[in-house]
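Chemist: Test case, fold it:
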Amino acid sequence: MINFYDQDARMGMHRDSDEKSDAPVVSLSLGDTCVFRFGNPETRTKPYTDVELRSGDLFVFGGPSRLAYHGVPRVHPGTAPPELGLTGRLNITLRVSGL
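Modeler: Sure, this is the predicted structure:
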């Protein structure tokens with residue numbers, strides 16, 4: 001799956017509980033830096049951890065973390081490497097849905 005987020009984009013806390021696969025999710029970030037909020041499987045509220053994902057960063061979550069709530073509360077505009085010629089954030093997510 002490929003998603004584009006402009007500088008004002010947000011993604012609320014959610015989890016991918018409708019998928020039947022236990023395979024890990026792999027996410028590649030390109031472009032602007034974002035804050036990736038990673039929570040727990042039970043609730044979309046605290047405790048959670050904010051991780052800064054920069055262009056080229058890969059984030060993998062699997063096992064019990066596979067069903068954790070996660071989201072993107074903020075994109076930092078103008079932080080993409082200039083050679084990309086990209087404004088905003090491009091996220092490439094690899095997952096086995098089991099559907």
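
Chemist: gap between the residue nearest to residue 71 when sequence neighbours are not counted and residue 52?
Modeler: The shortest distance from residue 71 to any non-neighbouring residue, by Cβ to Cβ, 6 or more residues apart in numbering, is to residue 13 (4.2 Å). For glycine as for every other residue, the C-beta is placed from the backbone atoms N, C-alpha and C. Separation of residue 13 from residue 52 (Cβ to Cβ, to the nearest Å) stands at 17 Å.

Chemist: and the two? which has more neighbours close in?
Modeler: residue 13 (17 against 13; other Cβ atoms under 10 Å).

Chemist: SS state for that one?
Modeler: With DSSP: H, G, I helix; E, B strand; the rest coil as the basis, the three-state label of residue 13 is strand.

Chemist: Pretty sure it sits against residue 50.
Modeler: No - Residue 13 is beyond contact range of residue 50, at 11.8 Å (criterion: Cβ atoms under 8 Å).

Chemist: Overlap in contacts, these two.
Modeler: residue 37 (Cβ atoms under 8 Å, 6 or more residues apart in numbering).

Chemist: And residue 35, which helix or strand is it part of?
Modeler: Assigned by DSSP states H and E, residue 35 belongs to strand 33-38.

Chemist: Many thanks, I have nothing further to ask.
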